[in-house]
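Q: show me the folded form of this:
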Amino acid sequence: MSLALFWIEVQKLLKRRLFLILLGLILGLELLLFFGGALLFNVLGDPPLQEMLKASLTFPSGLSLGLALSSNLGGLFLLILGADVVNSEYQWRTVHLYLSQGISRLMLVSIRLLALIVPALLFVFAPLLLAVVSTLILTPLLGGSFDLAAIQWGSFWVNVARTVLYLVPFSTLAFMLGVLTRSMAVTIILCLLYVFITEPVLKSMGDFFGQNLGAITPYLPFQLTNALLSQGGEGVTMAPDGSIIPVMALDPNIAGFGVLVWIGVFWLISLVVLLRQDLTT
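A: Numbers count the residues shown, from 1 in each chain. Sure thing, here's the model as predicted:
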């Protein structure tokens, strides 16, 4: 039953017009970056700029460009997709239908959150595949070479996995807020406010004011996702008196564990809310 329900949810997600539009936007922008950059390479007369473009668009750096595009756009798109999924299920009364068939609310929440991982995977692997094809075309055209030894394949696939994990909390946050509000517009607004305003403000306050807040803010969900894609090591911040303070960046492995914890928190809140929710209204 659970596998069949999971497959049904995945099929519904992949057939959504919004999902296809969002995936198409990522791939379309990626094509524009690669082949627009190649066109710019041919018209530029500045050798340093040409070398920079060549390095970005050819093998192996072009693969990293695909991953960077996934992380930059994928999170925002998954917020929108997650909000749309939850809102439409309430509008179409699919939740009521599943519950009438004897499917528990626990299974329903779990399966739907698992199904939302599939768009995250596609938002990473589809641009990565397109980056491979694009670099295969552009590398010889721009005078590059295919040096397989230039890639540390172990680190590369770790970065791919981290990018997928980076994206998952965006859809789970949207799912949780969608269950809470039952409104797509409100869910998207709250998600955007939290991710792009509330957390950055709290992070800035933690950097400038006091050690207690500063010790907590790195463990907020989307500070952890940012740390997940970092390389760790030492950074700096500025104190209120203008002095520079060295700061150790959070280890990506610790950040990855923290992200999984937050995904579990979002799942638990969604479940508790749905268990208490009156679906007759």
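Q: secondary structure class for residue 6?
A: In terms of secondary structure, residue 6 is helix; the call rests on DSSP: H, G, I helix; E, B strand; the rest coil.
Q: count the neighbours of the closest residue to it other than its chain neighbours for me.
A: Leaving out its chain neighbours, the residue that sits closest to residue 6 by Cβ to Cβ, 6 or more residues apart in numbering is residue 111, at 5.1 Å. Every residue, glycine included, has its C-beta placed from N, CA and C. Under the neighbour criterion other Cβ atoms under 10 Å, residue 111 is assigned a count of 22.
Q: just the buried residues of the strand or helix carrying residue 111, please?
A: Secondary structure here is read from DSSP states H and E; on that basis residue 111 sits in helix 105-115. Going by neighbour count (16 or more other Cβ atoms under 10 Å), the buried part of helix 105-115 is 105, 108-113, 115.
Q: for residue 130, see how far away residue 31 is.
A: According to Cβ to Cβ, to the nearest Å, residue 31 and residue 130 sit 7 Å apart.
Q: more neighbours: which of these two?
A: When residue 31 and residue 130 are compared for neighbours, residue 130 comes out ahead with 18 against 13, by other Cβ under 10 Å.
Q: helix or strand: which one has that one?
A: Secondary-structure assignment from DSSP H and E places residue 130 in helix 117-141.
Q: packing partners for the next helix or strand after that helix?
A: Next helix or strand after helix 117-141 toward the C-terminus (DSSP H and E): helix 153-181. In this structure, helix 153-181 packs against helix 61-91, helix 105-115, helix 117-141, helix 184-193, helix 221-228, helix 252-276, with contacts taken as 3 or more Cβ pairs under 8 Å, 6 or more residues apart in numbering; DSSP states H and E.
Q: run through who's touching the helix or strand following the longest one.
A: Scanning forward in sequence from helix 61-91, with DSSP H and E defining helices and strands, the next element found is helix 94-100. Outside of helix 94-100, the residues within contact range by Cβ atoms under 8 Å, 6 or more residues apart in numbering are 5, 88-89, 105, 108, 279.
Q: distance check, the closest residue to residue 277 other than its chain neighbours against residue 83.
A: Setting aside the residues directly before and after it, residue 277 is nearest to residue 179 in space (Cβ to Cβ, 6+ apart), at 7.4 Å. Computed with Cβ to Cβ, the distance linking residue 179 and residue 83 is 11 Å.
Q: again, but for residue 10
A: Look at residue 10 and residue 83: by Cβ to Cβ, they are 18 Å apart.
Q: those two: who's more crowded?
A: Summary of the neighbour comparison: residue 10 and residue 83, criterion other Cβ under 10 Å, with residue 83 having more neighbours (27 against 17).
Q: for that one, what are its contacts?
A: Remark: with contacts taken as Cβ under 8 Å, 6+ apart, residue 83 is in contact with 174, 177-178, 184, 187-188, 191.
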